[in-house]
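# Need a 3D model of the sequence below.
(one chain, ligands or ions: 2)
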Amino acid sequence: MPKLPLKYFCYVCGQQNDLTLNIPVAPKMSRDEITCSKCGDVTNLLLTSCPECKESFKYFLSDLDFPHELTTLADVYVKLIRGIKNSLSEVVEEFKVPLPKRWSVKLDCQCGKEYTAEIPLPQL
Ligand SMILES: [Zn+2]
Ligand SMILES: [Zn+2]
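Residues are numbered from 1 along each chain as shown. Ligands and ions are numbered 1, 2, ... in the order given. Okay, the predicted model is just below:
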């Protein structure tokens with residue numbers, strides 16, 4: 001697992017935080033939380049790195065609300081499926097819906113490699 005330095009400027013107070021993060025190689029993706037050393041603001045990160053050169057990494061910050069919305073969306077989806085399941089329980093004996101365990105995102109690296117990373121979803 002490559003360790004990569006990341007300079008992160010807090011979007012609340014502007015403090016520079018120097019981080020060293022363990023970044024998994026795609027298609028693995030990790031969720032991380034970083035806390036601003038000055039104001040304590042917490043930012044969620046999704047991290048992955050290029051499987052070809054292992055040097056360039058991609059991250060998604062929560063100022064786009066990306067991880068939050070993804071997991072919220074996944075949660076809603078899971079609840080929805082569960083609701084359908086419950087309402088059908090008297091009619092059919094068993095109702096199976098294949099739930100996606102992960103979502104994939106396509107990424108490209110500056111080395112020219114295109115690769116896929118998988119976003120972990122909350123499980124039932
Ligand atoms: Zn801060
Ligand atoms: Zn690369």
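# What helix or strand is the closest residue to P27 other than its chain neighbours located in?
Excluding its sequence neighbours, the residue lying closest to P27 (C-beta to C-beta, 6 or more residues apart in numbering) is E118, at 4.6 Å. The C-beta positions use only the backbone N, C-alpha and C, and glycine is treated the same way. Using DSSP states H and E, E118 sits within strand 114-120.
# What about the residue nearest to P27, how many residues nearby?
16 (other C-beta atoms under 10 Å).
# got it, and W103?
Counted with other C-beta under 10 Å, W103 comes out at 14.
# again, but for F9
So F9, with other C-beta under 10 Å, has 10 neighbours.
# again with the one 10 residues further on
Counted with other C-beta under 10 Å, the burial measure for L19 works out to 13 neighbours.
# Give me the next element, helix or strand, following the helix-or-strand element of the chain with minimal mean pLDDT.
Confidence across the helices and strands of the chain bottoms out at helix 66-87, with a mean of 57, counting by mean pLDDT, DSSP states H and E. Counting by DSSP H and E, the next helix or strand C-terminal to helix 66-87 is strand 102-108.
# Please name the strands paired to that next one in the sheet, noting orientation.
Strand 102-108 pairs in its sheet with strand 114-120 (antiparallel), by DSSP bridges.
# tell me which element L21 falls in.
strand 16-22.
# Quick check: the residue nearest to P27 touching W103?
Yes - using C-beta atoms under 8 Å, E118 makes contact with W103 at a distance of 6.9 Å.
# Can you give me the pLDDT of the residue nearest to P27?
As predicted, E118 sits at a pLDDT of 82.
# Please list all residues in contact with it.
P27, K28, M29, R102, W103, S104, V105 (C-beta atoms under 8 Å, 6 or more residues apart in numbering).
# so where's this structure uncertain?
1-2, 56, 59-102, 120-124 (pLDDT under 70).
# got the residues of it near ligand 2?
For the chain, the residues in contact with ligand 2 (C-beta under 5 Å from the ion) are C50, E52, C53, S56, C109, C111, K113.
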